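K.L.:
Okay, predicted coordinates and the sequence, questions at the end:
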2 protein chains.
Amino acid sequence: MQAKPLTATLKKYHQLRRDVIKYLYFHKSLTITELSKLIHKSVPIVTSAVMDLIAEGYVLESALSKSTGGRRAVMYLINPAKKRFLVSVAMDQLVTRVVIYDLLNNVRQGSASLSFTLTENPEDIEILIKFLKGYLQQSNIPVEEILGIGIGMPGFINTKQGINYTFFKLKNNGSLRNHLSKELGLPVFIDNDSSLTALAELRFGAGQNLKEVLVVNVGWGSGLGMIINGSLFRGHSGFAGEFSHIPLSQTNKLCSCGKRGCLEVDTSLLVLVERAEKEIANGVSSRLEALFKDKSKLPGDHFLVAARDGDPLAVSILSEAAFLIGKGIATLIHIMNPELIVVAGRGAIAGKILMAPIQQAMNEFCISRIADQTTIVVSDLADTAELLGAAILIVENCQFN
Amino acid sequence: MQAKPLTATLKKYHQLRRDVIKYLYFHKSLTITELSKLIHKSVPIVTSAVMDLIAEGYVLESALSKSTGGRRAVMYLINPAKKRFLVSVAMDQLVTRVVIYDLLNNVRQGSASLSFTLTENPEDIEILIKFLKGYLQQSNIPVEEILGIGIGMPGFINTKQGINYTFFKLKNNGSLRNHLSKELGLPVFIDNDSSLTALAELRFGAGQNLKEVLVVNVGWGSGLGMIINGSLFRGHSGFAGEFSHIPLSQTNKLCSCGKRGCLEVDTSLLVLVERAEKEIANGVSSRLEALFKDKSKLPGDHFLVAARDGDPLAVSILSEAAFLIGKGIATLIHIMNPELIVVAGRGAIAGKILMAPIQQAMNEFCISRIADQTTIVVSDLADTAELLGAAILIVENCQFN
DNA sequence: ACAATCTTAGTAAAAAATTTATTAATGAAG
DNA sequence: CTTCATTAATAAATTTTTTACTAAGATTGT
């Protein structure tokens, strides 16, 4: 008897099942009525899907909900006894981290990290594979309990095909995702780091239940993850949110992208550190001088901590950059009219120091009727955002078995 | 027997009926299968709706479609004998035009126009009502044959409530749409001029069948209509696309909005005309000197025609402005990664003269991998775009009776 | 030329999903 | 403490979709 092609009905059923698990993952516990509204499916059919998932051990019935004025509803949640795990990988230009979560967002296997400067060198792929293989092996989790590996990385990424056009290029222009999946023997999903940060803010951070959210990822560059109409917006070919390279700088410095005047040339953390080092060499005194000698942390992180703690040199350099980012944010607000802007990424460490000049730039460059419609906050997910986003990526795309 | 509240089933049926008419209006003629795909409803149910519409005289069966390799399908189109009309009104800061179309986009009543500089004066509303009442009266079309009045106008517009926060403000902060509807005895729909221009490009212009399209409306200011995921994007509170006031200008001139450095201060047609007049006063010779004396046309239109025809002064002033608009477009491309950008509005008259410096700015300010994903064209709908958009607004919102 | 085969359209019957009606459970008001 | 209002859950009715089947025309190969 040969394998039947999936019928339309069966496909629908699998989608429904996935949606139930997905929303229980996002919201911890929900009633049938709530699930029905979130999934846009009728109560009877959601009920039957939930019953099936209970039979499979994926879902558990829990206490009754608080009363809302009528009969109290039964609440459902993901069964903590069902062993299913998410391997989350978060990369940036300099560091790669990995952690394993369960479906309740508890850390199952503590994070490991690798100093790993991304290049266009094809050997990078082998380094990444070796790192992940080692990590997975020592975790001792059976493969059938791992739902997939989600990886956030910088670069122009085609999520459909699983190709990163900037880093990790395969010789034959093949799919990085498929290659990793084959090598690691698990489903792999890749996406842009800023997009995953935005996803995390949407599901577990400041953007919960909102529809139009922009997440500015301040770090080595300034990424932008966009939530439009409640879901990730990637643009026509997946390159939307290239905030770092909009022409905004007054200086004429050449950017790494080959153009002049990009926002990045004046706001990249690397540039700010460089500027601080130059000032120190010129004899300006600063806590940074001592901090930079501690090589256990990246200079960029030292710089942000110093700024947060009020070191005058760091604050002054950061403020200037933040004002320019604020000008960029003013541009975003005029074009997109978002409900919320979240300042996330490494830069969020500096918190208020960063926000003051951004707010000032918004006051100066925004029509107040428009700016009034947008709230702006600093992320409180901090450096877990990208890891959570990678986990969400898996939950939104994997097959639950 | 009292009026029953609309059941869910009945609502669905009305929506389906509207969708059939809407897509036939957009595509002129379609098969059941095509309709089914566009509406995302099954073939049997679409068939029954089409049959009902034929019985009502709204829809006509026409010849068989061209063969696509199998049995040829019956094509359906809107019945030209069914008398239903759309009153389209297109306003800008200086001129208001009106025309009446039928559902095949034929002009039923020739366009009338009114020189009418928008102010914040409440009397503006009375002027508009009087103008429209007169026009409707002389058209001699019975009210029951008019499906509605669609109006495109500048300003910050709340389409849900039908309020324009910038112009035509009612004393009691009431709904302009409802007020006009009551006064004119017809359903009225209002929207932003640039949004309607974008809608026209999406349905009848360069953006047909595309998903991510930006329409830059070059005129007295530079509006932006955004198509995202195949439908109009208005942002969280309806103010998205405020392209005119993004901080891009190097000059520090004060803008009408109260801020400095807005794109508009260097690119508004009004500013360009002013600049030309100053140059002429300084003794520069130009065809414009003569043209400006002809008061039958607006100076801005004279200016654009002169530029199109190669007058050196007009070309030089326009080119400088267009380069800045191009810089703004480069910003849009980096953020939105659109499939297509359409340059529309009055400015489109200048065509190639406008495009050359825009293209140049794109080359200078765009990362080519991103810019390569975007096509940029000049609209060929010209000044009918906003009128067509207003008609679409009616078709997308009215009740067909 | 003309079957045989392939493709697409349209229709009927079967299956699935939604809607509506009904019953259940709870809190608040009198 | 009973009645009423409110929400949840379930059963029955209705609608919609899916699948299977028939129709109509195009293409290919002999």
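P.N.:
Alright, I've got the coordinates. Residues are numbered from 1 along each chain as shown, chains lettered A, B, ... in the order given.

K.L.:
ok, the host helix or strand of residue A:355 near chain B or not?
P.N.:
For residue A:355, the host element (DSSP states H and E) is helix A:352-365. Yes: using Cβ under 8 Å from any Cβ of the partner chain, we find that helix A:352-365 touches chain B at A:364, A:365. From N, CA and C alone the C-beta is placed, and that goes for glycine too.

K.L.:
in that helix, what counts as buried?
P.N.:
Neighbour counts using 16 or more other Cβ atoms under 10 Å in any protein chain shown place A:353, A:354, A:355, A:357, A:358, A:359, A:361, A:362, A:365 of helix A:352-365 among the buried residues.

K.L.:
from those residues, which is closest to DNA strand C?
P.N.:
Closest approach between the buried residues of helix A:352-365 and DNA strand C, by Cβ to the nearest atom of the strand: residue A:355, at 41.5 Å.

K.L.:
do you know how far residue A:45 is from chain B?
P.N.:
To chain B, residue A:45 is 16 Å away according to Cβ to the nearest Cβ, to the nearest Å.

K.L.:
Name the residues that touch the helix or strand encompassing residue A:148?
P.N.:
Take DSSP H and E as the rule and residue A:148 turns out to sit in strand A:146-153. Strand A:146-153 is contacted from outside by A:84-91, A:100, A:118, A:132, A:136, A:164, A:167-168, A:180, A:184, A:186-193, A:195-197, A:386-387, A:389-395, A:397-398, A:400, using Cβ atoms under 8 Å, 6 or more residues apart in numbering or on different chains.

K.L.:
and the residues you listed, which are buried?
P.N.:
For the contacts of strand A:146-153, buried by 16+ other Cβ under 10 Å: A:84-91, A:100, A:118, A:132, A:136, A:164, A:167-168, A:180, A:184, A:186-193, A:195-197, A:386-387, A:389-395, A:397-398, A:400.

K.L.:
residues from chain A in reach of DNA strand D?
P.N.:
With Cβ under 7 Å from any atom of the strand as the criterion, chain A comes near DNA strand D at residues A:7-9, A:12, A:31-33, A:43-44, A:47, A:65, A:68-74.

K.L.:
what stretches of chain A score poorly on pLDDT?
P.N.:
Counting by pLDDT under 70, the ranges of chain A that qualify are A:1-6.

K.L.:
how about a cut-off of 50?
P.N.:
Regions of chain A meeting the criterion pLDDT under 50 cover residues A:1-5.

K.L.:
quick one, domains of it?
P.N.:
Following the TED database, one finds the domains of chain A at A:8-78, A:85-196+A:386-396, A:209-380.

K.L.:
For DNA strand C, which of these is the nearest?
P.N.:
domain A:8-78 (3.1 Å).

K.L.:
Please report the distance of residue A:249 from chain B.
P.N.:
11 Å.

K.L.:
swap in residue A:381?
P.N.:
22 Å.

K.L.:
again, but for residue A:285
P.N.:
35 Å.

K.L.:
host element of that residue?
P.N.:
Using DSSP H and E, no helix or strand contains residue A:285.

K.L.:
same deal with residue A:182?
P.N.:
In this structure, residue A:182 sits in helix A:176-184 according to DSSP H and E.

K.L.:
In space, what's closest to residue A:308 - neighbours in sequence excluded?
P.N.:
Of all residues not flanking residue A:308 in the chain, residue A:350 sits nearest, at 4.9 Å (Cβ to Cβ, 6 or more residues apart in numbering or on different chains).

K.L.:
which residues in the stretch 51-200 of chain A form helices?
P.N.:
A:123-139, A:176-184, A:193-204 (DSSP state H, counting those that start in this stretch).

K.L.:
closest to chain B out of those helices?
P.N.:
Judged by Cβ to the nearest Cβ, the one of the helices of the stretch 51-200 of chain A that comes nearest to chain B is helix A:193-204, at 12.2 Å.

K.L.:
The longest helix along chain A versus helix B:312-336: what angle between them?
P.N.:
Of all the segments assigned as helix in chain A under DSSP state H, the longest by residue count is helix A:312-336. If you take axes from the mean of the first three to the mean of the last three Cα atoms, to 10 degrees, helix A:312-336 sits at 100 degrees to helix B:312-336.

K.L.:
could you give the angle of helix A:312-336 to helix A:352-365?
P.N.:
Interaxial angle of helix A:312-336 relative to helix A:352-365 (the same axes, to 10 degrees): 50 degrees.
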